[in-house]
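the sequence isn't on hand, but the structure is:
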């Protein structure tokens, strides 16, 4: 992830991939042999054929019960909704009696309330090794987010389709700063719907990551390229090289966040 998103290295090239695999703990000689002999080529081609048959043309892509497809990086809420729908169709709720006096009413028994949905969402996150919070960011999470981490930002098209792209970001106080060229489609999406999600992955261990959900509260011009230079210096140590394009800064106010791996709050 770091090699692709931060360093911009060609991870599809064998000369790049073999050292990366060795750094990850794989046996270098075995990796070279597998790539040279195409040991898993048949399985990969079969997966590609199956994916094309399902209409998949990009990654990430989630297939649930071979009936539902979800494209792009998603919030936990959306994935949970798909899982719940697939489960409910396979195992619909059967009422086995009437509520006792003082118990829950029929409406609450038959349909999950907002509180119950929230508890279920948190339970799913916990079972997968993560936590969700609306509390202020703790110091260790702030420290993680303060690094030049690989990150992905998700916006919503007018038809509701999520769109995810790699991005630079900076945590400034309790807000996130991102910056984009004026021609980017996601700028149009943000003007239509300010909701946004950003996931930052620890550059040393991608399993440790933080996902932040919030909304854009301010879109401002960056005429002197101050903001994009700030981001560029943060990630590359140098000012942004392209100086002849108009840039727009988006300030994101965080509503909630989820931590995974070392960033999970017990």
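All right, it came through fine. No experiment lies behind these values; they were computed from the predicted model shown.

any stretches of this structure with poor pLDDT?
Within the chain, the segments meeting pLDDT under 70 span 1, 5-6, 53-55, 57, 59, 67, 73, 90-135, 265-266.

please, where are all the strands along it?
Per DSSP state E, the chain carries strands over the ranges 61-64, 68-71, 130-133, 151-156, 162-166, 170-172, 175-181, 195-202, 205-221, 247-260.

could those be laid out in a markdown table, adding mean neighbour count?
Any C-beta I mention is one placed from the backbone N, CA and C, and that applies to glycine too. Putting the strands of the chain into a markdown table (neighbours: other Cβ atoms under 10 Å) gives the following:
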| stretch | mean neighbour count |
| --- | --- |
| strand 61-64 | 15 |
| strand 68-71 | 15 |
| strand 130-133 | 17 |
| strand 151-156 | 22 |
| strand 162-166 | 16 |
| strand 170-172 | 18 |
| strand 175-181 | 20 |
| strand 195-202 | 22 |
| strand 205-221 | 17 |
| strand 247-260 | 20 |
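
which one of those strands lies nearest to residue 30?
strand 205-221 (22.1 Å; Cβ to Cβ).

angle of that closest one against strand 247-260?
Put simply, strand 205-221 runs at 150 degrees to strand 247-260, going by axes from the mean of the first three to the mean of the last three Cα atoms, to 10 degrees.

sheet-wise, list the partners of strand 205-221 with their directions.
Strand 205-221 has the following sheet partners, assigned by DSSP bridges: strand 195-202 (antiparallel), strand 247-260 (antiparallel).

ok, for residue 74, nearest residue in space, not its chain neighbours?
Spatial nearest neighbour of residue 74, chain neighbours left out: residue 162 (6.2 Å); criterion: Cβ to Cβ, 6 or more residues apart in numbering.

save the strands paired with strand 205-221 as TSV, and put in distance to residue 167 too.
Output for those, formatted as TSV (distance: least, Cβ to Cβ, whole Å):
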stretch	distance to residue 167
strand 195-202	7
strand 247-260	10
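
looking at the strands of the chain, which is closest to residue 29?
Here strand 205-221 is closest among the strands of the chain (Cβ to Cβ), at 24.8 Å.

check contacts around residue 213.
When contacts are counted by Cβ atoms under 8 Å, 6 or more residues apart in numbering, residue 213 touches 75, 195-197, 254-258.

which of those residues lies closest to residue 154?
Out of the contacts of residue 213, the member with the shortest distance to residue 154 (by Cβ to Cβ) is residue 197, at 4.4 Å.

who does the residue lying closest to the closest one once chain neighbours are set aside bridge with?
Among residues not flanking residue 197 along the chain, residue 154 sits closest, at 4.4 Å (Cβ to Cβ, 6+ apart). For residue 154, the beta-bridge partners are residue 164, residue 197 (DSSP bridges).

wait, residue 154 touches residue 196, no?
Yes - using Cβ atoms under 8 Å, residue 154 is in contact with residue 196, at 6.8 Å.

ends of stretch 196-211, how far apart?
Stretch 196-211 has an end-to-end distance of 11 Å (Cα to Cα, to the nearest Å).

stretch 20-32 too?
Stretch 20-32 has an end-to-end distance of 12 Å (Cα to Cα).

measure the residue lying closest to residue 209 once chain neighbours are set aside to residue 263 for me?
Of all residues beyond its chain neighbours, the one nearest residue 209 is residue 201 (4.3 Å), with distances taken as Cβ to Cβ, 6+ apart. From residue 201 across to residue 263, the span is 10 Å (Cβ to Cβ, to the nearest Å).

kind regards, and thank you for your time.
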